[in-house]
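# have a look at this prediction, sequence included:
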Amino acid sequence: MVDLTYWLVFFSAALALNLSPGPDLIYILSRSIAHGRRVGLASAAGVCTGAFVHVLAASVGLSAILATSATAFTVVKYVGATYLIYLGVKSLRSAGAAFSPTKDKEMDVSTWKAFRQGVFIDVLNPKVAMFFMAFLPQFVRPGHGSEPLQLVMLGTLVICVAIVVESGFVLAAASATNFFRANPKASVWLDRVLGGVLIGLGIRLALSEQRR
């Protein structure tokens, strides 16, 4: 009964956290709508890969550096904010070009690029590192094996939940691709909105403070 309660609490928290909007989810949705299911899933895979980097870092204590070092936190924060703003500006400048049918020929290249960008968005967000550092240790149980291995296992389970949730978002968002390709004006405004959101998230990250 204790184990059942433990896992119910853990998976409920993991689900709630993965449903929360953030730079990674915004990025996945924008790629899914602009390029369809294949690129959307690649974006989700990239974000999850970046998250796993943070899980490994938390398991060996590297994330503690970001949590305790103001300099390290600031450097990663500004690099991540700059990258988000860069993506936002690109989206604003595209003016709906992402929805052009001619882009289909570049789908394979876009898939790899989407994956790569997804990794960077997650890895360059110090708040993700601090989240894993704060969240995972709460569920480490004494007498259930090595603490680092428990952290890796728990982090992997959080990412598994993320894969399910984000795949659902990808499938839902990708269904809107044809509509936006058939409505150029709507696609232009969508690019502008997504660009503005990414820039806003970048500014928000740049202004965020370190919490210990």
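Sure, I can see it.
# find the centremost residue of this structure, please.
Central residue of the chain (Cα atoms, centre = their mean): Asp24, 2.5 Å from the mean position.
# who touches that residue in this structure?
47, 50, 118, 121-122, 125 (Cβ atoms under 8 Å, 6 or more residues apart in numbering). (Glycine included, C-beta is placed from N, CA and C.)
# check which helix or strand covers it.
For Asp24, the host element (DSSP states H and E) is helix 23-35.
# distance from the chain centre to that helix, please.
10 Å (Cα atoms, centre = their mean, to the nearest Å).
# got it, and stretch 5-24?
On Cα atoms, centre = their mean, the centre of stretch 5-24 falls 14 Å from that of its chain.
# hey, C-alpha coordinates of it in CSV?
Listed next in CSV are the C-alpha coordinates belonging to stretch 5-24 (Å, rounded to 0.1, in the frame of the first residue of the first chain):
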residue,chain,number,x,y,z
THR,A,5,0.8,5.6,-2.7
TYR,A,6,4.5,6.5,-3.4
TRP,A,7,4.1,5.8,-7.1
LEU,A,8,0.7,7.5,-7.4
VAL,A,9,2.2,10.7,-5.9
PHE,A,10,5.3,10.5,-8.0
PHE,A,11,3.5,9.9,-11.3
SER,A,12,0.8,12.5,-10.5
ALA,A,13,3.5,15.1,-9.8
ALA,A,14,5.4,14.1,-13.0
LEU,A,15,2.2,14.4,-15.1
ALA,A,16,1.3,17.8,-13.7
LEU,A,17,4.8,19.1,-14.3
ASN,A,18,4.9,17.9,-17.8
LEU,A,19,1.6,19.5,-18.6
SER,A,20,2.9,22.9,-17.4
PRO,A,21,3.6,25.2,-20.4
GLY,A,22,7.3,26.2,-20.9
PRO,A,23,9.9,26.9,-23.6
ASP,A,24,10.2,23.2,-24.5
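# quick check: buried residues in it?
Going by neighbour count (16 or more other Cβ atoms under 10 Å), the buried part of stretch 5-24 is 10, 14, 18, 22-24.
# average pLDDT for that stretch?
Mean per-residue pLDDT for stretch 5-24: 85.
# do stretch 145-165 as well
Mean per-residue pLDDT for stretch 145-165: 91.
# tell me the gap between that stretch and the middle of its chain.
For stretch 145-165, the distance to the chain centre is 16 Å (Cα atoms, centre = their mean).
# going by neighbour count, list what's buried in it.
150-155, 157-159, 161-163, 165.
# quick one: which of the residues you listed sit in helices?
Among the buried residues of stretch 145-165, the residues falling in helices (DSSP state H) are 150-155, 157-159, 161-163, 165.
# which one among those gets closest to Val193?
Val165 (22.2 Å; Cβ to Cβ).
# flag the shaky bits of this structure, pLDDT-wise.
1-2, 62-69, 72, 94-109, 178, 180-187, 189-191, 209-212 (pLDDT under 70).
# report the two of the buried residues of stretch 145-165 separated the most.
Put simply, by Cβ to Cβ the two of the buried residues of stretch 145-165 set farthest apart are Gln150 and Val165, 22.7 Å from each other.
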